[in-house]
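Peer 1: Mind looking at a prediction? Sequence and model below.
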Number of protein chains: 2
Amino acid sequence: MKRKDDRKVGQIFQAALKLVVSKGLSGITMGDISKAAGIATGTLYVYFKSKDELINALFAACRENSVAHSFKGYDPAQPYKVGFKHVWLNILRYRLHNFEEAVFMEQCYHSPFITPETREKASRLAAPYNELLERGKKEQLLKPVDTGLLITFLVGSMNELVKQTHYHGTTLTRTRINTTFDMCWDALKS
Amino acid sequence: MKRKDDRKVGQIFQAALKLVVSKGLSGITMGDISKAAGIATGTLYVYFKSKDELINALFAACRENSVAHSFKGYDPAQPYKVGFKHVWLNILRYRLHNFEEAVFMEQCYHSPFITPETREKASRLAAPYNELLERGKKEQLLKPVDTGLLITFLVGSMNELVKQTHYHGTTLTRTRINTTFDMCWDALKS
DNA sequence: AAGATAAGTGAATAAATATTCATTTTTAAT
DNA sequence: ATTAAAAATGAATATTTATTCACTTATCTT
């Protein structure tokens, strides 16, 4: 009895992500994906019931990955700003190294593919970010504005920074990274 | 001899925008658009040679509209921060009132629809924004970092703010607007 | 008012794409 | 080694969607 090949799901995901960057979410077909993944079209249906399901699964996987990486090595015992910067850097690095995921996620935001359940699941994963910012407000280091707004600035500026870096091929020197962090911190700090 | 109805292009654009918000760029069909615009599918082809051309035209129109509104009433004679806030408010208001356009533009970013020419044309329209930020640096009010980075923060935070406001149905009180502006200004100011 | 010209129509066609399925290949278990 | 069960295949099918076109309707010009 042959078993499903776990690496294959990874190949499929990688192929799909690569294609979304070059052709957009609207431009990818099951044929494209299978070809890029080096498998037959029919095989896609061994792993996913439909295109919708494939995309929802990829969306969920990206989201989980991203959140998991954000808090790697975060130590709440350290001073707030140190921990905050640690997470900020984690996010930045993750997005730069996984640019395709960021693009894919953005495209999914307004697509009919993602089901309400998938969205719901994704938004529950936001809790750690909320806590991080709440703590900053409690310690009176961050502006006493609602957490949503703080996150807005955090992710908004990060998103654009990543895009800018990626497309203009800017090299992110340590100095530039620090400058950027300072801008973000200045926006949030009280 | 019957003439083309100029309002019809507007109807088509409005219909397409509405659909992109609800179904994503990947989800819209020519049939959907024509139905939403209240015309026959064939009529779309009187005004646009193809779906691609329709989308490129819409993209260009949105971009022009948006830029045109940004600098309405901007008076370079006023103190820098006053003018800057004026433009910032213009952008915010425009995006909130034309949320669909913002969504559409974002979706287009990584789509195969938009041709290099259309992109090129759009990016040329960025000049006024660049000038605005250059001036701020010249007057030593803004951080002496590269203009691209300043714009990154400006538009990044704005984008997310607009999304957050729209989706969470937050009412933007004058206070909240000012808080948000302050965050942005704090990020940019030297 | 008549004629001419182009817009408007929507069913028909063409093209693209998702999905299925009969068949082959692989591999785990015996 | 044989068998059985499931994966893998890709051509065939079903579905969706862009585009065309023969025809109708509107309106500008004279």
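Peer 2: Cool, the structure landed.
Peer 1: gap between the worst-scoring helix or strand of chain A on mean pLDDT and the chain center?
Peer 2: Every helix and strand of chain A was ranked by mean pLDDT, DSSP states H and E. The lowest is helix A:147-168, at a mean of 88. Distance, stretch centre to chain centre, for helix A:147-168: 11 Å (CA atoms, centre = their mean, to the nearest Å).
Peer 1: for the record, mean pLDDT for whichever helix or strand comes after that helix?
Peer 2: Counting by DSSP states H and E, the next helix or strand C-terminal to helix A:147-168 is helix A:174-188. The predicted model gives helix A:174-188 an average pLDDT of 95.
Peer 1: In chain A, what residue comes closest to DNA strand D?
Peer 2: residue A:42 (1.7 Å; CB to the nearest atom of the strand). C-beta here means a position set from N, CA and C on the backbone, and glycine is covered the same way.
Peer 1: tell me which element that residue falls in.
Peer 2: Under the assignment here (DSSP H and E), residue A:42 is part of helix A:41-47.
Peer 1: Alpha carbons of that helix, in PDB - could you do that?
Peer 2: Presented in PDB, the C-alpha positions along helix A:41-47 are these (Å, rounded to 0.1, in the frame of the first residue of the first chain):
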ATOM      1  CA  THR A  41      -2.800  17.400 -12.500                       C
ATOM      2  CA  GLY A  42      -4.800  14.500 -11.200                       C
ATOM      3  CA  THR A  43      -2.400  14.100  -8.300                       C
ATOM      4  CA  LEU A  44      -3.500  17.400  -6.900                       C
ATOM      5  CA  TYR A  45      -6.800  15.900  -6.300                       C
ATOM      6  CA  VAL A  46      -5.300  13.100  -4.200                       C
ATOM      7  CA  TYR A  47      -4.200  15.800  -1.800                       C
END
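Peer 1: what sits up against that helix?
Peer 2: By CB atoms under 8 Å, 6 or more residues apart in numbering or on different chains, the list of residues contacting helix A:41-47 from outside reads A:4, A:8-9, A:12, A:30-31, A:33-34, A:37, A:54.
Peer 1: Buried residues of it, list them for me.
Peer 2: For helix A:41-47, a neighbour-count test (16 or more other CB atoms under 10 Å in any protein chain shown) marks A:44, A:47 as buried.
Peer 1: quick one: the next helix or strand after that helix near DNA strand C?
Peer 2: Helices and strands here follow DSSP H and E; after helix A:41-47, the next one along the chain is helix A:51-70. Yes: contact between helix A:51-70 and DNA strand C, assessed by CB under 7 Å from any atom of the strand, occurs at A:51-52.
Peer 1: What is helix A:51-70 packed up against?
Peer 2: Under the contact criterion of 3 or more CB pairs under 8 Å, 6 or more residues apart in numbering or on different chains; DSSP states H and E, helix A:51-70 touches helix A:6-27, helix A:80-97, helix A:99-109, helix A:116-124, helix A:127-138.
Peer 1: Pick the most buried one from these.
Peer 2: helix A:99-109 (a mean of 21; mean count of other CB atoms under 10 Å in any protein chain shown).
Peer 1: Where does the prediction get shaky in chain A?
Peer 2: Across chain A, nothing is flagged by pLDDT under 70.
Peer 1: can you list the residues that contact stretch A:171-184?
Peer 2: A:85, A:88-89, A:92, A:96, A:153-154, A:157-158, A:161, A:165, A:170, B:143, B:145, B:149, B:153, B:187-188.
Peer 1: do the same with stretch A:83-103
Peer 2: A:17-18, A:20-21, A:62, A:65-66, A:69-76, A:78, A:132, A:136, A:154, A:158-159, A:161-162, A:165-166, A:172, A:177, A:181, A:184-185, B:110.
Peer 1: if you set the cut-off to 7 Å instead, what comes out?
Peer 2: Defining contact as CB atoms under 7 Å, 6 or more residues apart in numbering or on different chains, one finds that stretch A:83-103 is touched by A:17-18, A:20-21, A:62, A:66, A:69-76, A:132, A:136, A:158, A:162, A:165-166, A:181, A:184, B:110.
Peer 1: May I have that stretch as CSV, with CA atoms only?
Peer 2: C-alpha atoms of stretch A:83-103 as CSV (Å, rounded to 0.1, in the frame of the first residue of the first chain):
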residue,chain,number,x,y,z
GLY,A,83,11.4,41.9,23.4
PHE,A,84,9.3,44.1,21.1
LYS,A,85,12.2,44.7,18.8
HIS,A,86,13.0,41.0,18.8
VAL,A,87,9.5,40.2,17.6
TRP,A,88,9.6,43.0,15.1
LEU,A,89,12.8,41.7,13.6
ASN,A,90,11.4,38.2,13.5
ILE,A,91,8.4,39.4,11.5
LEU,A,92,10.6,41.4,9.2
ARG,A,93,13.0,38.6,8.5
TYR,A,94,10.2,36.1,8.1
ARG,A,95,8.4,38.2,5.5
LEU,A,96,11.5,39.0,3.6
HIS,A,97,12.5,35.4,3.4
ASN,A,98,9.0,34.3,2.6
PHE,A,99,8.0,37.1,0.4
GLU,A,100,5.7,34.9,-1.6
GLU,A,101,3.6,34.1,1.4
ALA,A,102,3.0,37.7,2.1
VAL,A,103,1.9,38.4,-1.4
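Peer 1: count of neighbours near whatever residue of chain A ends up closest to DNA strand C?
Peer 2: Residue nearest to DNA strand C within chain A: residue A:29 (2.9 Å; CB to the nearest atom of the strand). Number of residues near residue A:29 (other CB atoms under 10 Å in any protein chain shown) recorded here: 12.
Peer 1: quick one, phi/psi of it?
Peer 2: With angles defined as degrees, to the nearest 10, residue A:29 sits at phi -120, psi 160.
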